[in-house]
Each structure stands twice: as structure tokens, then as C-alpha cells.
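S.K.: what's the 3D shape of this:
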Amino acid sequence: MPARQLPVQVRAKCSHLMLADPSFDEPAPVEMLIGADIFPQVWKNKCSSLGPGFPSVYSSVFGWVLIGPVQEHPDIGAQSMLVSLVSSMESIIERFWKAEEPEAAPPQFTEDGLCEELLNSDMRKDQAHQPSTYDG
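M.R.: Alright, predicted model coming up:
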């Protein structure tokens, strides 16, 4: 009676039971409804859980009946992937300092660069190619 095919794990969990419907895990229309007034006469007072993600099974005069929700993939547990990266502490610290160290400023923005620019603008070379100041 399920709306869609049940996972094969459900059938495997029930393989030891005499089921009321041997094709319980295949989609099919409802064959019989049992009302609450008849249920106590049909039920044999035995039940068992098939585990987390699986329905419970109840004993009846027709055989065992499954009642309850079914998870899509009940047997899939936690998954993990381990990754190991080996780097020396020295290379890690070196990369850190490279990332943290600012780039050197262009010469025109440093104090030495500004002084050299000022000196070059005030100096002229004479005929002997010697630097001399221009008093313009």
C-alpha cells in the first residue's frame, strides 16, 4: 500500500517475519481497511521496532503488519572525509609575514625621494658636468 517503492533495507529487516502482505513494499491500492472496533480482535498484542528510520511491526491474525514512517535511506550513517596537509611552521610564518608586510612606497612618496627630487630640481650641471646650484 505504499505510495512508492520502499527501500530494500525495509524488506531485509522483515525477512524473518511471516507478513500479512508478502508484497508490502510495492505500490498498490488498499485491499482492506480495518476499523477501530475490529482492530482489538485482529491484533495479537505483540509489537517490535525495526530500528531508527524503520516502521514498527505488529502481530495480527493475518501475519505481521508494518505501521509507521520509513526514511528514504535509513542505513546511511554519518560520512566524513579526512584531509591532512603537512606544512612546516617556518613556511607558514613566512607566508604570514609576506601577507602582512606592506609594499614599499614609490620613491616620490618617501622622505628620501622627496629630498632627492628637490635637490635635482635645484641643481644644474655646468660645462664640466659638475653639479652646481642655480641662483636664477
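
S.K.: from the chain's centre, how far out does the biggest strand by length in the chain sit?
M.R.: Ranked by residue count and defined by DSSP state E, the top strand of the chain is strand 43-49. Chain-centre distance of strand 43-49: 40 Å, with CA atoms, centre = their mean, to the nearest Å.

S.K.: over to stretch 16-31?
M.R.: 37 Å.

S.K.: kindly report the same for stretch 95-112.
M.R.: 40 Å.

S.K.: list of residues touching it?
M.R.: With CB atoms under 8 Å, 6 or more residues apart in numbering as the contact definition, stretch 95-112 has outside contacts at 113, 114, 116, 117. Any C-beta I mention is one placed from the backbone N, CA and C, and that applies to glycine too.

S.K.: same question, stretch 25-41
M.R.: Against stretch 25-41 from outside (CB under 8 Å, 6+ apart): 1, 2, 3, 4, 5, 6, 10, 11, 21, 42, 61.

S.K.: list the buried residues of it.
M.R.: residue 25 (16 or more other CB atoms under 10 Å).

S.K.: tell me the mean pLDDT over it?
M.R.: Model confidence over stretch 25-41, given as mean pLDDT, is 85.

S.K.: for the longest strand of the chain, packing partners?
M.R.: Contact here means 3 or more CB pairs under 8 Å, 6 or more residues apart in numbering; DSSP states H and E; on that basis strand 43-49 packs against strand 56-60.

S.K.: gap between the helix or strand following the strand it packs on and the chain center?
M.R.: Helices and strands here follow DSSP states H and E; after strand 56-60, the next one along the chain is strand 63-67. Relative to its chain's centre, strand 63-67 lies at 37 Å (CA atoms, centre = their mean).

S.K.: this completes my enquiry, with thanks.
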